[in-house]
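S.K.: what's the 3D shape of this:
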Amino acid sequence: MITKKISQLVLTTSMVALSTFAIAQPNQWPTRPVTMVVPFAAGGSTDITARMLAEKLGPILGQNVVVENKPGAAGNIGAAFVARAQPDGYTILLHTSTLTANVSLYKNMGLNVQKDLVPVSQVALIPNVLMVNSNFQAKTLAEFVEIVKQKKVPINYGSSGSGASNHLAGVLFNNMVGGEMVHIPYKGGSLANNDLLAGQVQVVFSPMVEVLGYLDSGKLRPLAVTTKTRSSRIPNTPAIAEILPGYEIVLWNGVFAPAATPPAIVNKLSGAIQTVMKDPSVLKRITQQGSTSIGSSPADFKKVVDAEIPKWANLIKMSGAKVD
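M.R.: Residues are numbered from 1 along each chain as shown. You can find the predicted model right below:
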């Protein structure tokens, strides 16, 4: 009996040692395919970015990068899945700025963003576009600001849901001009855009990548972008900050790994992402979407994440939005 117990102890100790050894060999990473979790449905803008990134990362890393969609709870389900994964570099996350907003929006996300995940690299910045129906009376940003200030015309603005960036973009706009636009939440950005086309709502602050077809066809009128400066994709459209200094709402997407992932793996993955985001074909595709290629270091991306959490918290407090 004692011999059997000793054998079991030796076997258990050996297994733990082998597991630790496998994790502790970052210089050999990766030796098998890497799974990139996208916490949203297939076919959306984040999924499209993930598949482009995965395709380019594979040859650099010498292993396939496989995209796996785990949608639900505004990205929290997929994020929690990665946070609980083995910290060996083989399960990573491509999320958006929604992750940092959810910290204040949800009572229980299923993870602690700053403790359970490590930022690897910010991938791209995505502007929102302040759009109106082509029949709306305001033809310029200045005219729209005056209409909102005067409060003589009821204005409803649609969003993809309470606490979403296009909701909070309207909250900040109302706050800065003293307006009273009414928020109408939808179960997705496409539904809000459809009602904007139909004239059921007057305004949507939509991610540019999702509405380029409408803008290019003239079915919707862009009045401004929410970034500090103009977008090269629609250069004749001003930034809201040109009239309201300090206004800025920026979407981003970026890659995270589970906490305790060895720094050597994090740095190697970050370096590969930075290389991809400088690739001419990737730059062309990102620019065509109206976005800006980034590719940052883990330290720089961590600064962004740490700064975004209180920023979104302030806007969510203004809006009163909560999700149980």
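S.K.: Pull the distance from the lengthiest strand in the chain to the chain's centre.
M.R.: Assignment by DSSP state E gives strand 117-133 as the longest strand of the chain. Here strand 117-133 is found 6 Å from its chain centre; the criterion is C-alpha atoms, centre = their mean, to the nearest Å.
S.K.: Can you name the helix or strand that Arg32 falls in?
M.R.: For Arg32, there is no host helix or strand (DSSP states H and E).
S.K.: Distance check, the most centrally placed residue in the chain against Glu308.
M.R.: The centre of the chain sits closest to Thr96, judged by C-alpha atoms, centre = their mean, with a distance of 1.4 Å. As defined by C-beta to C-beta, to the nearest Å, Thr96 lies at a distance of 11 Å from Glu308. C-beta coordinates here come from the backbone N, C-alpha and C atoms, glycine included.
S.K.: do the same with Asn64
M.R.: 31 Å.
S.K.: and what of Gly290?
M.R.: Going from Gly290 to Glu308 by C-beta to C-beta gives 21 Å.
S.K.: and if you look at Val123?
M.R.: 15 Å.
S.K.: more crowded one of the two?
M.R.: Val123 (30 against 18; other C-beta atoms under 10 Å).
S.K.: just so I have it, where are all the helices in the stretch 151-300 of the chain?
M.R.: Secondary structure of the stretch 151-300 of the chain by DSSP state H, counting those that start in this stretch: the helices cover 165-177, 189-198, 208-217, 263-276, 280-288, 298-319.
S.K.: Adding mean pLDDT and distance to Lys56, write those out as TSV.
M.R.: Listed next are the helices of the stretch 151-300 of the chain as TSV, based on pLDDT from 0 to 100; distance: least, C-beta to C-beta, whole Å:
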stretch	mean pLDDT	distance to Lys56
helix 165-177	93	26
helix 189-198	92	26
helix 208-217	90	18
helix 263-276	98	4
helix 280-288	93	6
helix 298-319	94	18
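S.K.: Would you tell me which of the ones you listed gets closest to Gln28?
M.R.: Closest approach to Gln28 among the helices of the stretch 151-300 of the chain is made by helix 263-276 (9.9 Å; C-beta to C-beta).
S.K.: What residues of that closest one count as buried?
M.R.: By 16 or more other C-beta atoms under 10 Å, the buried positions in helix 263-276 come out as Ile265, Val266, Asn267, Lys268, Leu269, Ser270, Gly271, Ala272, Ile273, Gln274, Val276.
S.K.: Pro222: which of the residues you listed is nearest?
M.R.: Val276 (29.2 Å).
S.K.: hang on, the closest one packs against Ile60?
M.R.: Yes. Applying C-beta atoms under 8 Å, one finds Val276 in contact with Ile60, separated by 6.9 Å.
S.K.: What does the pLDDT read for the residue nearest to Gly254 when sequence neighbours are not counted?
M.R.: Distances taken as C-beta to C-beta, 6 or more residues apart in numbering put Gln122 closest to Gly254, at 4.1 Å, once the chain neighbours are dropped. Looking at Gln122, its pLDDT is 98.
S.K.: picking that back up, can the buried residues of helix 263-276 go into JSON lines with extra columns for distance to Gly189?
M.R.: Formatted as JSON lines, the buried residues of helix 263-276 follow (distance: C-beta to C-beta, whole Å):
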{"residue": "Ile265", "distance to Gly189": "34"}
{"residue": "Val266", "distance to Gly189": "32"}
{"residue": "Asn267", "distance to Gly189": "35"}
{"residue": "Lys268", "distance to Gly189": "35"}
{"residue": "Leu269", "distance to Gly189": "30"}
{"residue": "Ser270", "distance to Gly189": "30"}
{"residue": "Gly271", "distance to Gly189": "33"}
{"residue": "Ala272", "distance to Gly189": "31"}
{"residue": "Ile273", "distance to Gly189": "26"}
{"residue": "Gln274", "distance to Gly189": "29"}
{"residue": "Val276", "distance to Gly189": "26"}
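S.K.: Hmm, Phe136 is touching Val201, no?
M.R.: No. Look at Phe136 against Val201 with C-beta under 8 Å: they stay out of range, at 10.4 Å.
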